[in-house]
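1. got a predicted structure plus its sequence, pasted below:
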Amino acid sequence: MPVIEANNLTKRFGPLTAVDHVSFSVEEGEILGFLGPNGAGKTTTLNMLATLLRPTSGTATVNGHDILEESDAVRRSIGFVFQDPTLDIELTGHENLDFHGRLYGLKRDVRQQRIKEILKVVQLTDRADDLVKTYSGGMKRRLEIARGLLHYPKVLFLDEPTLGLDPQTRRAIWEHIQRLNQDENITIILTTHYTEEADYLCDRIQIIDFGKIVALDTPDKLKARLEGDIVSLVFKDSAAIPKIKPLLEKKGWVRRVDEVASDNNHAAMSRMMQAMRGMASGNMGGMMPSMSFGGAAGRSKIPKHMPQKIVQGIGGGNGENGRDGGQRRLNLLVDDGGHRIPEIVKLVDRTGAVLESVELHKPTLDDVFLSVTGRNIRDERGSFMETVRRYRIVREARGQHVRG
Amino acid sequence: MVQPLSGQAIYVVLLRELKRYWRAKARIIASVAQSFFFLVIFGLGLGSFIGGFGGMNYLSYLGPGIIGMGLLFGSVFSGVSVIFDRQFGFMKEMLVAPVSRTSIILGKILGGAVTASIQGIILMTVAGLMGAFTPTPALAAGVLAAVGVMLLITAGFVGLGVTIGSALSDFHAFQLIATFVMWPLFMLSGVFFPIDMAPAPLQVAMLCDPMFYGVELLRWCLLGAGTPLLGPFGWLIALGVLAGFTAVMVGIGTYLFSRVQV
Ligand SMILES: Nc1ncnc2c1ncn2[C@@H]1O[C@H](COP(=O)(O)OP(=O)(O)O)[C@@H](O)[C@H]1O
Ligand SMILES: [Mg+2]
C-alpha cells in the first residue's frame, strides 16, 4: 500500500495557483524527489501534506490517514525539516531536541538515548549545551535535520535540506538521509532545485513546474529520454546566437537546440561536484559515495550515478565568464556528440562568430528539466521577497550575518 | 472543533517560556528598573506634593498600580510574541507536532502568566521594602491572594496579546499596539489618581478598562481597601469582571490561534 497518495491537490493564493491538481503516490521505503525551480509549488505541496495548509481542493492520505479528516494522526506519522529556519535560537541545541522529543511524547529514557545518538550523527555533541544563536549556519541546519529525525517518523519531509550548505556538510547529510532510509525504512519526500541532489538521492523524481507535475520517473529513465550527448556552446558575443541557431536546427543529427542562460550557478555547482569527486576518490568512477548497504532492512538499491562530465575546453573555462548574467549559451542534443564537435566548430567559424568554449556531456537532469519545461531550472522567478529570503538563507548558512 | 488537551504539550511550551524568560536577564532587570523608577520618582516626588488620598500615603496608593503596570506590559508582550514565533519560524515546529493547537496556546498563556507574575512578585517585594504596605498579619494573607490575582490578570492579558498577535501577521504593527493598546490600558487603570476624583467621561473610560479592576483587586489584597466608587464589595465586582475578561480573552485568543496559517 502506498504511504502517500495525493489526489488532485490544489492550492490557490488569490489569483495564483501555486499547486495545480497534483496527484502522485509514494511507496513505503521510497525516496521521492520534487525537483523544480523556485516558486514551482514544492513547499506548498509539502505544507498541505503535513496539514499546515488546507488545500483549496483535492486531498491526500499520509500513512493511511486523510490530511483533512485525521490531521492529528497524519502529524503523528511525519517528520518535517523545513526550508526556513525553525529553531529556537534562545535555547540550546539539546533543549531544542528535548522540546521536540517531549512534544512527540517520547519517554524520558528513549528521548535521552535518541538525542545522544542523533547528536553524534550530526556531530554536535560538543556544542549541544550552547545556545543555538552561537551556532554557525551549517550547525543550525544539521540540528534542524537531527530534530526532524528524532521521533523516527514513518514519513520524512525534507524541504531543500541542503540549501546553501558547503559540499562536505551536504555530502554528510546526503549519506545520513540514505542511512535513515535504508536502516530505519523511513519513506522520504524531499524537494530540491539542485538536480545533482535529486539525481544522487532519489529513487524517483517528480519534476514540478508552475504547480504542475510535468514528469515522473527514475533518474536514469528521465535521462534516457534524451538520447545522445549534449554539446554546449558559449559565444564571445551572445548576439551571434539567433544567426547560428537556425543553421544548427537544419542538421539531421541535431535532435534539439535550446538557448539557455549561461549562469555562474552552474559553474559553482560543477566546482562543488569536482570537490566531492576528490573526496570520494577510491570509488569506482569517483562519484559513488560509500553507501551503507546492509542494515537491518538490507534492501538493495539501484545505484544512483552522478552525471559524468567530460569537459573539452576550447578557450575559456566552463561558464566562468557568464558572471555578467546576460550571457547565453546554446545546448544541442546531438547523436554521437564527440564526433560532431569539429563539424559544429567549422559551421560556427563560417558565420564569423567567435566561440568561447565548447563542452560535451551526457544528458543530466538539468537537460531533462530544460527539455520538459523549455526553461533552465536555475532561471530565477518568484517574487522579489522570496529571492531576498532565499538569499538570506544562503548567506546565513554560510555563516555570515545578514540583518534587516 | 473539539481538540484533545495534552498535559505534556502544555508543560513543554510552558517550560520553554520559563527558560526564555530566565535567560533574558537584561530584560527582567530593565523592566523591574523601569517600574522602580516610577515608584521612586512618582511615589516620593509626586507623593511629597500630593501627600495622599483618603488617609493613604501616595506611595501606598501607587504601589499596586505599578505592580499592575509590570503585569500588563509583561503579559501583553508575552502574548504578542506569537508574532515572533511565527516570524522566526519556531511556530512551524510547534504546529506540525501531533498535539492540538489548544494545548500549545494554553501552554503559552500559562507561561506568559507565570513569567509576568514573577515580575509582579518582584515589584511587590520592592514596593514592600520601600514601605508601601503596612506589615500586619492580614498582609501575609493579602500577599498570597495578590499572587492569585496576578495570575488571573496576566492570563487575561496574555490572551489579549495572543489575540492581537494572531490577528496581525506583521510585527511592525508592534509600535501601534504599544501606543494604542498598552498605554491607554495602563493610564486608565487608576494607577496615578483615584477614579473618584476624575471627571465623569474619564470615569466611564476607566470603568471600561479591564486593567482598572486588576489594580483595584491588588489594592484590596495589599491595602485592604479599594475605591469608594465601587462600594464595600468592590473587590467582588472587580473579581467578577476580571474573571469574565480573562475567560473571554483566553477563549478568543485560543480560537484565533487555532486558525493561524503558517
Ligand atoms: N502564503 C502564501 N501567500 C501567497 N502566495 C504564496 C504563499 N506561499 C507561497 N506562495 C506562492 O506560491 C508559489 C509557490 O511557492 P512555493 O510552494 O514556496 O514554491 P517552491 O517551494 O517550489 O519554491 C510561489 O509563487 C509563491 O510566491
Ligand atoms: Mg520551497
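-> Arrived safely. Every value quoted in this text rests on a predicted model; they were computed, and no experiment measured them. Ligands and ions are numbered 1, 2, ... in the order given.

2. am I right that A:L190 falls within a helix?
-> No. A:L190 sits outside any helix when classified using DSSP: H, G, I helix; E, B strand; the rest coil, being strand.

3. not counting sequence-adjacent ones, nearest residue to it?
-> A:L158 (3.9 Å; Cβ to Cβ, 6 or more residues apart in numbering or on different chains). From N, CA and C alone the C-beta is placed, and that goes for glycine too.

4. so the one you found sits in a helix?
-> No. Per three-state DSSP, A:L158 lies outside any helix segment and is strand.

5. show me what it is bridged to.
-> A:V81, A:L190 (DSSP bridges).

6. A:R170 versus that one, what's the distance?
-> Distance of A:L158 to A:R170, computed by Cβ to Cβ, to the nearest Å: 12 Å.

7. what about the closest residue to A:L103 other than its chain neighbours, how many neighbours?
-> For A:L103, ignoring the flanking residues on the chain, the nearest one in space by Cβ to Cβ, 6+ apart is B:A97 at 4.4 Å. Residues near B:A97, counting by other Cβ atoms under 10 Å in any protein chain shown, number 25.

8. who touches the residue nearest to A:L190 in this structure?
-> A:81, A:145, A:148, A:177, A:188-191 (Cβ atoms under 8 Å, 6 or more residues apart in numbering or on different chains).

9. same thing with B:S6?
-> A:105, B:99-100, B:103.

10. the longest helix seen in chain B and chain A, are they touching?
-> Secondary structure assigned by DSSP state H gives helix B:137-167 as the longest helix of chain B. No. Helix B:137-167 stays clear of chain A (Cβ under 8 Å from any Cβ of the partner chain), getting no nearer than 15.4 Å.

11. for the stretch 1-150 of chain B, which residues are neighbours of chain A?
-> So the stretch 1-150 of chain B meets chain A at B:4, B:6, B:8-9, B:11-12, B:15-16, B:19-20, B:23-24, B:88-100 (Cβ under 8 Å from any Cβ).

12. which residues sit against stretch B:155-163?
-> B:71-72, B:75-82, B:105, B:108-110, B:112-113, B:116, B:181, B:210-211, B:242, B:245-246, B:248-254, B:256-257.

13. I'd like the mean pLDDT over it, please.
-> Across stretch B:155-163, pLDDT averages out at 96.

14. export it to CSV, keeping only CA atoms.
-> What follows is stretch B:155-163, C-alpha atoms only, in CSV (Å, rounded to 0.1, in the frame of the first residue of the first chain):
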residue,chain,number,x,y,z
ALA,B,155,-3.7,35.1,31.9
GLY,B,156,-6.3,37.6,30.5
PHE,B,157,-3.8,40.0,29.1
VAL,B,158,-1.6,37.2,27.6
GLY,B,159,-4.9,36.2,25.9
LEU,B,160,-5.3,39.7,24.6
GLY,B,161,-1.7,39.6,23.4
VAL,B,162,-2.3,36.3,21.6
THR,B,163,-5.5,37.7,20.1
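
15. just for chain B, where's the confidence low?
-> Within chain B, the ranges that satisfy pLDDT under 70 run B:1-3, B:171.

16. what about the helices in it?
-> B:7-23, B:25-37, B:47-50, B:58-80, B:82-87, B:90-95, B:101-129, B:137-167, B:174-177, B:183-187, B:200-207, B:210-223, B:234-258.

17. which strands and helices sit next to the first one?
-> Where contact means 3 or more Cβ pairs under 8 Å, 6 or more residues apart in numbering or on different chains; DSSP states H and E, helix B:7-23 is packed against helix A:93-103, helix B:101-129.

18. could you tell me the angle between that helix and helix A:93-103?
-> Interaxial angle, helix B:7-23 versus helix A:93-103 (axes from the mean of the first three to the mean of the last three Cα atoms, to 10 degrees): 160 degrees.

19. in helix B:7-23, what counts as buried?
-> Neighbour-count burial for helix B:7-23 flags B:9-10, B:12-17, B:19-21 (criterion: 16 or more other Cβ atoms under 10 Å in any protein chain shown).

20. what do you get for the third one?
-> The neighbour-count criterion (16+ other Cβ under 10 Å) identifies B:G47 as the buried residues of helix B:47-50.

21. run the chain-centre distance for it.
-> Relative to the centre of its chain, helix B:47-50 is centred 27 Å away, using Cα atoms, centre = their mean, to the nearest Å.

22. for the first one, same thing?
-> Taking Cα atoms, centre = their mean, one finds the center of helix B:7-23 at 19 Å from the center of the full chain.

23. for A:N8, what are its contacts?
-> A:21-23, A:57-59.

24. just the buried ones among the contacts of stretch B:155-163, please.
-> B:71-72, B:75-82, B:105, B:108-110, B:112-113, B:116, B:181, B:210-211, B:242, B:245-246, B:249-250, B:252-254, B:256-257.

25. touching, B:A198 and B:M206? I think so.
-> Yes. With contact defined as Cβ atoms under 8 Å, B:A198 counts as touching B:M206 (6.6 Å).

26. who's more crowded, the two?
-> Shown here are B:A198 and B:M206; by other Cβ under 10 Å, B:M206 has more neighbours (22 against 16).

27. give the contact list for A:V155.
-> A:3-4, A:26, A:62-63, A:77-79, A:186-189.

28. and chain A, what are its domains?
-> A:4-222, A:227-262+A:328-359, A:263-281+A:290-326+A:374-404 (automatic domain parsing).

29. first to last residue in the second one, what's the distance?
-> Between the opening and closing residues of domain A:227-262+A:328-359 we find a distance of 17 Å, counting by Cα to Cα, to the nearest Å.

30. great, nothing more from me.
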